[in-house]
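**Student:** sharing a model prediction with you, sequence too.
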Amino acid sequence: MYVQVQAARSAAYYAAWVIASTTLKEQRVGALALAQGLDSLRTAAAEGIQLHGGVGFTWEHAAQLYFKRAAGDELLFGPVHRLRAHAADAARLFDTLDTFDTFDTGEVAV
């Protein structure tokens with residue numbers, strides 16, 4: 001859980017640095033930072049509920065607020081897999097026409 005939170009923090013710092021230092025606003029960096037943050041928030045909130053047991057999801061403890069916030073943020077920003085897919089499409093990771101040269105024989109050269 002700690003590693004996920006630190007990875008989300010590093011991704012947010014990197015996204016802020018990229019947007020501040022370049023003239024080209026990179027959407028995929030922000031989407032990846034948001035996806036990492038949402039994923040770590042969801043995991044940390046669920047682990048907090050699990051750690052505190054039954055009292056974690058009642059009104060007596062604030063852990064339920066973090067869990068509900070994580071669920072609401074996922075509804076607001078969309079699922080994490082869609083954010084990562086959007087960033088992959090923006091980076092053209094799975095676009096094979098630009099990556100490989102095809103010959104008439106059907107062979108692929110890298």
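**Tutor:** Good, I have the coordinates. Numbers count the residues shown, from 1 in each chain.
**Student:** any idea how far residue 40 lies from residue 84?
**Tutor:** For residue 40, the distance to residue 84 (Cβ to Cβ, to the nearest Å) stands at 14 Å. Bear in mind the C-beta positions are built from the backbone N, C-alpha and C, glycine included.
**Student:** show me the strands in this protein, by range?
**Tutor:** Using DSSP state E, the strands of the chain run over residues 101-102, 108-109.
**Student:** what about residue 9, how many neighbours?
**Tutor:** Using other Cβ atoms under 10 Å, residue 9 is surrounded by 14 other residues.
**Student:** could you find the closest non-adjacent residue to residue 67?
**Tutor:** Distances taken as Cβ to Cβ, 6 or more residues apart in numbering place residue 45 nearest to residue 67, at 4.3 Å, with adjacent residues excluded.
**Student:** equivalent analysis for residue 57, please.
**Tutor:** Leaving aside its sequence neighbours, residue 57 sits nearest to residue 64 (Cβ to Cβ, 6+ apart; 5.0 Å).
**Student:** hmm, back to that, which one of residue 40 and residue 84 has more residues nearby?
**Tutor:** The neighbour comparison of residue 40 against residue 84 (other Cβ under 10 Å) goes to residue 40, with 21 against 17.
**Student:** just name the shakiest helix or strand of this structure by mean pLDDT.
**Tutor:** In the chain, the helix or strand scored least confidently by mean pLDDT, DSSP states H and E is strand 101-102, which has a mean of 52.
**Student:** isn't the residue nearest to residue 67 right up against residue 62?
**Tutor:** No. If you go by Cβ atoms under 8 Å, residue 45 and residue 62 don't touch, sitting 10.8 Å apart.
**Student:** tell me which of these two has more neighbours.
**Tutor:** More crowded of residue 45 and residue 62, by other Cβ under 10 Å: residue 45, with 21 against 11.
**Student:** for the residue nearest the centre of the chain, give me its contacts.
**Tutor:** Nearest to the mean C-alpha position of the chain, by Cα atoms, centre = their mean, lies residue 35 at 1.4 Å. Applying Cβ atoms under 8 Å, 6 or more residues apart in numbering, we find residue 35 in contact with 80, 83-84, 87.
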